[in-house]
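**Q** Curious how this folds, go ahead:
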Amino acid sequence: MAAAGTLAERLGSPRRTHPPERGLYLWLAPDGLSLCQAAGPAMCMRAEFVSGVQGYRSARQRHQHEAVVRACGITHQHCPWVVDATAGLGRDAFVLASAGARVTLLERSPVVHALLTDGLQRATAAGAGERTGRMHAHAVDAVDWLTGAAGDVSPAVVYLDPMYSGRRRGAAGKELALLQALLTDTTDEPALLARARAVATERVVVKRHRHAAPLADQPPDYHLPGRSTRFDVYRTRNA
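**A** As a prediction, this is how the structure comes out:
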C-alpha cells in the first residue's frame, strides 16, 4: 500500500506487514489509521469525530452548551480564532469548530499528528467538511509556534489541555495509557502557559482534572467546574 510506505517514510519508521510482538505500532487499514499496543490487553485508538462517543457528542447539536465552548467565550454572535496548543486527537477542537470557531491545532508528536490528520480526512469524507474546514492541524512545538505568532496576527483564545495523570475509566483510561506510553517527554508547562498568556488577545483556557492544582500553580481569574474536569480561564492583558 503506497499510503503506508509514505507514512512510514515521513515518520522515519520501518514498514511492516504484521504487528510486532511488543511495543506500540501504527496500523493503517482501509478504514483508517490506529495506534495499537502489541503486548498485554489488546488496545487500539484513533482520532474519531463522526462515530462512536465523539459522534454521539457531535450529533446532539448542543455545542453552545458545552463547557469548553462557554469557557472559550464562543457564542452565536462571537466566534473567535482559537489555537488548541495541545491538540492531541482533536476532540475538543472539533466541538469548538462545530460551535463556529476557527481552530488551529498544534501537535508536537508526529505520530499523534498523523492520527489527527487521518481522523480529519475521514470526517471530511463522511460529510463533516463544514466543521473540519475550520480546523487546521500543524505538526509543531506549541511554544515555538506561539513565539512566532507574537509578532503576527494573534489568536483571541489559546486552549491548553496538558495530559494529566489520574484515574480515568473505560475507553478514556485505555487511551490515556497508550498516549502516556507514546509520549515519554513532558511539556514545559510554565513556559507554555506564559507564552499562551502573552499571545492570546482575549483569554487562555486550561482544562484540568477537577481536583488538580492550577497549571504551573498560576491561579486563574475564574473557572467553570464539571463532574470530573474543570476549565480554568485566564484573562489576558491584551483583552
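
**Q** Excluding its own residues, what touches whatever helix or strand residue 9 lives in? List them.
**A** Per DSSP states H and E, residue 9 falls inside helix 2-11. With contact meaning Cβ atoms under 8 Å, 6 or more residues apart in numbering, helix 2-11 is reached by 14, 15, 26, 28, 33, 110, 111, 114. Just so you know, the C-beta spots here come from the backbone N, C-alpha and C atoms, and that holds for glycine as well.

**Q** go on, stretch 73-83?
**A** Applying Cβ under 8 Å, 6+ apart, the contact partners of stretch 73-83 are 64, 72, 93, 96, 99-104, 106, 146, 149, 155-159, 199-200, 202-203.

**Q** what do you get if the cut-off is 6 Å, keeping everything else the same?
**A** Applying Cβ atoms under 6 Å, 6 or more residues apart in numbering, the set of residues contacting stretch 73-83 from outside is 72, 96, 99-104, 155-159.

**Q** among the helices and strands of the chain, which has the poorest mean pLDDT?
**A** helix 52-59 (a mean of 61; mean pLDDT, DSSP states H and E).

**Q** for the next helix or strand after it, the distance to its chain's centre please.
**A** Using DSSP H and E, the helix or strand that follows helix 52-59 in sequence is helix 67-71. The chain centroid and the centroid of helix 67-71 are separated by 15 Å under Cα atoms, centre = their mean, to the nearest Å.

**Q** What ranges does the protein have for its helices?
**A** For the chain, the helices defined by DSSP state H occupy 2-11, 52-59, 67-71, 91-98, 110-123, 129-132, 142-149, 170-182, 189-199.

**Q** from the ones you listed, which stretch is densest packed?
**A** Greatest average neighbour count among the helices of the chain goes to helix 91-98 (a mean of 26), per mean count of other Cβ atoms under 10 Å.

**Q** got the CA coordinates for that one in PDB?
**A** C-alpha atoms of helix 91-98 as PDB (Å, rounded to 0.1, in the frame of the first residue of the first chain):
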ATOM      1  CA  ARG A  91     -11.900  16.100  20.200                       C
ATOM      2  CA  ASP A  92     -12.400  19.400  22.000                       C
ATOM      3  CA  ALA A  93     -11.200  21.300  18.900                       C
ATOM      4  CA  PHE A  94     -13.900  19.600  16.900                       C
ATOM      5  CA  VAL A  95     -16.500  20.800  19.400                       C
ATOM      6  CA  LEU A  96     -15.100  24.300  19.100                       C
ATOM      7  CA  ALA A  97     -15.200  24.200  15.300                       C
ATOM      8  CA  SER A  98     -18.800  22.800  15.400                       C
END
